[in-house]
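In: okay, structure incoming, though there's no sequence with it:
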């Protein structure tokens, strides 16, 4: 198995519900020396293209459709011919950012995407956004959590299209059931592990009420 994970951080803004914030986003690339998948084309298509370094881009996978995670997706798709994949429940959020450009395909719970000989298992994890997904890659011992789970707790649920009890259910049922040693690669900030976060579930629940 020659598959590896490459990582870059891009900077831009996140806008929703009339507010705008400066953000740094994690962009994850899974692949080998010839082909790759990009998880969350955030802010800077040129920087992502440079990180791909000539590899064939097979897909642009969106963990959800907040603008900071998808703003560079159409430009990256145009430059590479890659398909943009999004869970259909996030179409309303997508249209807020890209009203004239639709994703090329749907993501669904249980779907498997294969790149460089490894399988990325799609986990539908609504809460932060209705169509939020995580991508579990058992061969690489990792899950790409988007903004569903961070080091220290769940993603934010204080804005439109989000719901705290739903994200707690998603984390409990879809993520904390993964092996404890699974590395959680997040949409923003530092990585963590399932084992490090699992003991705090009840604390998050009490904090959210």
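Out: Cool, the structure landed. Just so it is clear, the model here is predicted, and its values are computed rather than measured. Residues are numbered from 1 along each chain as shown.

In: next, the buried residues of the helix-or-strand element of the chain with minimal mean pLDDT.
Out: For the chain, using mean pLDDT, DSSP states H and E, the weakest element among its helices and strands is helix 201-208, scoring a mean of 89. For helix 201-208, a neighbour-count test (16 or more other C-beta atoms under 10 Å) marks residue 204 as buried. From N, CA and C alone the C-beta is placed, and that goes for glycine too.

In: pull the distance from that helix to the chain's centre.
Out: 23 Å (C-alpha atoms, centre = their mean, to the nearest Å).

In: tell me the mean pLDDT over stretch 102-119?
Out: Mean pLDDT, stretch 102-119: 98.

In: gap between the two ends of it?
Out: End-to-end distance of stretch 102-119 (C-alpha to C-alpha, to the nearest Å): 25 Å.

In: contacts for it?
Out: The contact list for stretch 102-119 (C-beta atoms under 8 Å, 6 or more residues apart in numbering) reads 1-3, 30-32, 34-37, 58-59, 61-62, 77, 83-88, 91, 94, 120-124, 131, 133, 135, 137-140.

In: element containing residue 143, please.
Out: strand 142-146 (DSSP states H and E).

In: quick one: strands adjacent to that strand?
Out: According to DSSP bridges, strand 142-146 forms sheet pairs with strand 133-137 (antiparallel), strand 183-186 (parallel).
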